[in-house]
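# coordinates for the following, if possible.
(chains A and B)
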Amino acid sequence: MSEDGKDLPKRVAIRDDLLTKPLDDLDKVRLVGSRCRQCGETSLGERGRCPNCGSGDMETRELGTEGTLWTYTVVRNRPPGKYRGPDPFQPFCMGLVELPDGLRVNALVEGDVEEMEIGVPLRLRVFVHHENEAGQEVVGFAFARTDKP
Amino acid sequence: MSDVVILGIGIHPFGRFDKTFEEIGAEAAAQAIDDAGVTWQDIQTAYLSRMYLPATSGARILRRLGSTDIPICDIEAACASGGVALRQAILAIRSGEIDLALVLGTEKMPRGFMDPSMIYAPWQVAMGLSLNPSYWSMRAKRHMYEHGTSELQIAKVAHKNHRNSVHNPNAMYRKEFSMEKIMESPLVCDPIHLLEICAPNDGAAAVVVASKERAAKLGGRPIQVDACVHTLATYSSDFRCPADSMSATMAPPGPTSATARKAYEIAGIGPQDIDCFEVQDTDAFCEIEIYEDIGLCGLGEGGALIDSGRTEINGDTPVNMSGGLICKGEPVGASHLGQIHEIVSQLRGDSGPRQVSGARTGMAHVLGAGGNCAVTIMSR
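The predicted structure follows:
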């Protein structure tokens, strides 16, 4: 229940336009992209205008779930500000994941941080990232290696 | 664009000080005004470059020099703020409305990682996709993968810059470190180590700029501004904070290449004509990438260039004689004007043990959040 007594949804996306709905079965949730009918570029999330050419002639589509790691780093220190990841902090990989839709998405990359490599195959994993102040489950995403457990 | 000159320079050392931003800024401004041989009351317009200071900071700082009706405004374009402020002063002079301006950069920043909410969206902060060094490190990893650049080559850049900083009284860190010490320092974001990265801090730098005609009447030691260019990265030309994705189908020239190209065109010279460079080594890898982007070497050859020693103070294309951002720190708003202070000192022959022998031309380069890039070319 929220302060004004209305029911809040149990789950919300970490960024509303980034994930398909509903959020009940997380295995069925996909990343959302926008394809520009003018220049052909696909960008992340639902966009009214193309971030490349500025055209408003856009179509929303589900992005592929399989990709490869284009580059990455290991974050060795707790990120500053309102970071809501695991506490106590665990070093983690973040990278750019190249999807067949023609874009690279910045994402958490799951796998052994000491054995990560450019080019490894990855699959989208949608999960409850944290709980917000209102007690709602906030749904985030990551890409996990498919060649190693 | 040889119609505008830098007539005076001033700097407050970069570091951490128990002083207000007003004090730091006013010191640099007063020094630049003195160096130009003019008075504060002679200045016709002033710009403050800053990112992390509150509203009306320019007015608060410059009131310390005495109350006037001189118009002052604050300018922000992330790491390129100083270039944008300088460019505004140049445009004002070229418009014919004024012929003498002050450009001041001042910053006072907390220790450690910068506040991510200034740059990133809340969801990026919540997931931890909000560290500036992680973006630089991902670029480094890809460069290593594509071109075989090594961690040793990255460390060599830091080694050079730390060595140069020993001679710079305005740098925050003035200590030489061995290669082993650099490579054994803790990893911040792989492959970048603590001694290969710059820290946010406090500092100020200022320049007085004048039209050539006005400068001729005033005398002094003017340095010509041959180009001062600001651009933003075009779509997917760069992956830099706070971007959340990029194209995999196109790879246009990055912001440094695009800005440098424009600056060379305006100045009518190329990289081979420039005697010394101050560039945005927010981390040691960035400097390698910038070597390629400003045309000191070809794509993928940045690692070989640091190996060759040519970017040392006594090399044929010296880079970051001041010790760079790695040693000076990055008081964001003051950073580019601090680089210009270094280049002007070099072109005047005032740089003491870090002097580039016979330097006649120099370039200052900054690049930061949002793909903001500025390049200034100067000559005597």
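
# could you pull out the strands for the stretch 1-150 of chain B?
Using DSSP state E, counting those that start in this stretch, the strands of the stretch 1-150 of chain B run over B:4-15, B:45-49, B:72-75, B:100-107.

# any low-confidence regions in chain A?
Within chain A, the ranges that satisfy pLDDT under 70 run A:1-5, A:149.

# tell me the residue of the stretch 251-380 of chain B that sits nearest chain A?
In the stretch 251-380 of chain B, the residue that lies nearest chain A is B:P252 (9.9 Å; Cβ to the nearest Cβ). Placement of C-beta: from N, CA and C, glycine included.

# shouldn't that residue be within a strand?
No - going by DSSP: H, G, I helix; E, B strand; the rest coil, the assignment for B:P252 is coil, not a strand.

# around the closest residue to it other than its chain neighbours, count how many other residues there are.
In this structure, B:P252 finds its nearest non-sequential neighbour in B:S237, 4.3 Å apart by Cβ to Cβ, 6 or more residues apart in numbering or on different chains. Neighbour count of B:S237, defined by other Cβ atoms under 10 Å in any protein chain shown: 21.

# show me the contacts for residue 115.
This is for chain A. A:K148 (Cβ atoms under 8 Å, 6 or more residues apart in numbering or on different chains).

# that's the other chain; I wanted chain B
A:80-81, B:52.

# dump the residues you listed to a markdown table, plus neighbour count and distance to B:Y264.
Below are the contacts of B:D115 laid out as a markdown table (neighbours: other Cβ atoms under 10 Å in any protein chain shown; distance: Cβ to Cβ, whole Å):
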| residue | neighbour count | distance to B:Y264 |
| --- | --- | --- |
| A:P80 | 17 | 38 |
| A:G81 | 19 | 39 |
| B:Y52 | 19 | 32 |
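
# for the closest residue to B:T149 other than its chain neighbours, phi and psi?
In space, and not counting its chain neighbours, B:T149 is closest to B:G303: 4.0 Å by Cβ to Cβ, 6+ apart. With angles defined as degrees, to the nearest 10, B:G303 sits at phi -60, psi -40.

# pick out whichever of the contacts of B:D115 sits closest to B:E180.
A:P80 (29.5 Å; Cβ to Cβ).

# so that closest one belongs to a strand, correct?
No - using three-state DSSP, the assignment for A:P80 is coil, not a strand.

# check whether it really touches B:F113, as I assumed.
Yes - applying Cβ atoms under 8 Å, one finds A:P80 in contact with B:F113, separated by 4.2 Å.

# mutual contacts of those two, please.
Between them, A:P80 and B:F113 share the contacting residues B:L131, judged by Cβ under 8 Å, 6+ apart.

# coming back round to it: report the contact partners of the residue nearest to B:T149.
B:G303 neighbours (Cβ under 8 Å, 6+ apart): B:147-150, B:153, B:288.

# let's see that with 10 Å instead.
B:143-144, B:147-150, B:152-154, B:156-157, B:285, B:288, B:291-292, B:297 (Cβ atoms under 10 Å, 6 or more residues apart in numbering or on different chains).

# give me the secondary structure label for B:L337.
The three-state label given to B:L337 by three-state DSSP is helix.

# how about the one 5 residues further on?
Reducing the assignment at B:E342 to three states with three-state DSSP gives helix.

# my read: it touches B:S322, true?
Yes - in this structure, B:E342 is within contact of B:S322 by Cβ atoms under 10 Å, at 4.4 Å.

# overlap in contacts, the two.
With Cβ under 10 Å, 6+ apart as the test, B:E342 and B:S322 both reach B:168, B:170, B:278, B:328, B:351, B:354.

# what does the model give the second one for pLDDT?
Here, the pLDDT recorded for B:N170 equals 97.

# could you double-check that it sits in contact with B:Q339?
No - between B:N170 and B:Q339 there is no contact under Cβ under 10 Å: 11.2 Å.
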